[in-house]
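**Student:** Fold the following for me, if possible:
(2 chains)
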Amino acid sequence: MKTTISEVAKHIGEDVTIGSWIANKRSSGKIAFLQLRDGTGFMQGIVVKAEIGEEKFQEAKALTQETSLYVTGTIVEDERSLFGYEMQIKDFEVIHEAVDYPITPKNHGTEFLMDHRHLWLRSKKQHAIMKVRNEIIRATYEFFNENGYVKIDPPILTGSSAEGTTELFHTQYFDEEAYLSQSGQLYMEAAAMAFGKVFSFGPTFRAEKSKTRRHLIEFWMIEPEMAFMDHEDSLNVQENYVSHIASSVLKNCSLELQTLERDTAMLEKISAPFPRITYDEAVDMLKEKGFDDIEWGEDFGAPHETAIAESFDKPVFITHYPKDIKAFYMKPDPDRSDVVLCADLIAPEGYGEIVGGSQRIDDLKLMEQRYDEHGLTGEAYEWYLQLRRYGSVPHSGFGLGLERTVAWIAGVEHVRETIPFPRLLNRLYP
RNA sequence: UCCACCGUAGCUCAGUGGUAGAGCAAUCGGCUGUUAACCGAUUUGUCGCAGGUUCGAAUCCUGCCGGUGGAGCCA
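**Tutor:** Residues are numbered from 1 along each chain as shown, chains lettered A, B, ... in the order given. Below is the predicted model of the structure:
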């Protein structure tokens, strides 16, 4: 009967057939070890000459890397295998012979591997990262579904920008100029007024010429928006959500984390509540640590965020940033008009900002004032103003960057390995 | 856009003015428990491109192209 590597534990002692590829191979005069992969996992198959016959044994020894084949044999438990099971191969049938597979079991550079990303995804480490990514997505849907959120999909083609600061991808919408979405947030605010609690999950685009291990041109964000929730309520949602992600990956991806050599002790510490410090406290903390290049009113750079994160073994919220360095829609603190009710969540171990969120301005007059200050005129922004004209309520929301979160949870150095086909400054292929 | 570093065999790299090298991959042979298996043999070149200096340039100089890391900006 046909099965998959992920299911072999149910077939110990039975003869099964698995459609698979040769990931690697080792052989000697009378025994050969085939490292098999089938998409669901990796497993070793054993070919013994005395049992399979001279002709088939020679055929097994000649199998090339990434040749596809059906293997048939008995599933046995074996403690020498990390996976725990092996197949004693009785027969195999080659489907397609691969010749000169480019990615060998030895070292390769990033450029070469990225040029072969369509093949690199087959490797054990990349496979593990994508499984962690998938688990984070699954846990995201689970968390928001269980907490009464409705998934709403904002548009990708838009006629206006959410935050005028970043470079947008321009495109043509018949006779009009249009942009690829850099955030679905403004639309999610409209959705929250219709459905209460909503979340989105989709791609976003930033035409920034950023070249760092934390940046992609095209990346995926999860953007919840909640009516009748203030800044504090939102922080509670954020820490519960991130904790749920961490515990789900720990529970369902233990083999993948082992493959990635991730220190799971770091992940086990990720449980709500998370520490919270204000921007003011963060500036003081940085000055104590010897940073004399930061003054109140300036935004933090990556080294600053890393230095702050090093003081905590959990993600840390930095709240109440100065109004002037944050987006126009953030609500000022009622007790202090020079700061806004917002928070960035900084991941430990130098992974940087993974969440940014705020309570939004709900007062029509104040929002109109912000429009004037930021020069937001024209009908492209009119609909957003109407959300404050017709039954405005306090509401908050946040955006979580999927790739940065995957990089942090999986312990991967660079976000380009956390998305199947990264779009980078100089890469649109494959 | 700016700063730093890099570009030599299919891959990873050494070679800093005097005959183009190593390991891996590939091919052939050996080996009954391998884990990036190991051992022996064989094959592999537009030294990123263009110009210059020199008796002689992979090596020194100039320009260009490409890549990597970082800054700014952000998730």
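
**Student:** quick one: low-confidence ranges for chain A?
**Tutor:** For chain A, applying pLDDT under 70 flags the ranges A:160-166.

**Student:** Swap in 50 and give it another go.
**Tutor:** Low-confidence segments of chain A, defined by pLDDT under 50, span residues A:165.

**Student:** Would you map out the domains in it?
**Tutor:** Listed domain ranges for chain A are A:5-96, A:117-417 (source: automatic domain parsing).

**Student:** first to last residue in the first one, what's the distance?
**Tutor:** Domain A:5-96 has an end-to-end distance of 20 Å (Cα to Cα, to the nearest Å).

**Student:** quick one on the thing from earlier: can you put the domains of chain A in CSV and add mean neighbour count?
**Tutor:** Every residue, glycine included, has its C-beta placed from N, CA and C. Formatted as CSV, the domains of chain A follow (neighbours: other Cβ atoms under 10 Å):
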stretch, mean neighbour count
domain A:5-96, 16
domain A:117-417, 18
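
**Student:** Can you say which of these is nearest to residue A:104?
**Tutor:** domain A:5-96 (7.5 Å; Cβ to Cβ).

**Student:** mind listing the helices for the stretch 151-300 of chain A?
**Tutor:** Ranges of helices within the stretch 151-300 of chain A are A:185-195, A:231-252, A:254-259, A:264-268, A:279-288, based on DSSP state H, counting those that start in this stretch.

**Student:** How about the residues of the stretch 151-300 of chain A by RNA strand B?
**Tutor:** Taking Cβ under 7 Å from any atom of the strand as the measure of proximity, the stretch 151-300 of chain A contacts RNA strand B at A:163, A:165-166, A:183, A:206, A:208-216, A:219, A:221, A:299.

**Student:** Residue A:269 against residue A:314, yeah?
**Tutor:** Yes - using Cβ atoms under 8 Å, residue A:269 is in contact with residue A:314, at 5.7 Å.

**Student:** Would you mind naming what in the stretch 301-430 of chain A lies close to RNA strand B?
**Tutor:** Counting by Cβ under 7 Å from any atom of the strand, the residues of the stretch 301-430 of chain A near RNA strand B are A:301-303, A:305, A:325, A:344, A:352-356, A:399-401, A:403-404, A:414-416, A:424-427.

**Student:** count of neighbours near the residue of the stretch 101-250 of chain A found nearest RNA strand B?
**Tutor:** Closest residue of the stretch 101-250 of chain A to RNA strand B, Cβ to the nearest atom of the strand: residue A:109 (2.7 Å). Residues near residue A:109, counting by other Cβ atoms under 10 Å, number 8.

**Student:** where's it relative to residue A:115, distance?
**Tutor:** Distance of residue A:109 to residue A:115, given as Cβ to Cβ, to the nearest Å: 10 Å.

**Student:** How about residue A:17?
**Tutor:** Look at residue A:17 and residue A:115: by Cβ to Cβ, they are 35 Å apart.

**Student:** What of residue A:313?
**Tutor:** Separation of residue A:313 from residue A:115 (Cβ to Cβ): 38 Å.

**Student:** so what's residue A:360 up against?
**Tutor:** The neighbourhood of residue A:360, defined by Cβ atoms under 8 Å, 6 or more residues apart in numbering, consists of A:189, A:329-331, A:395-397.
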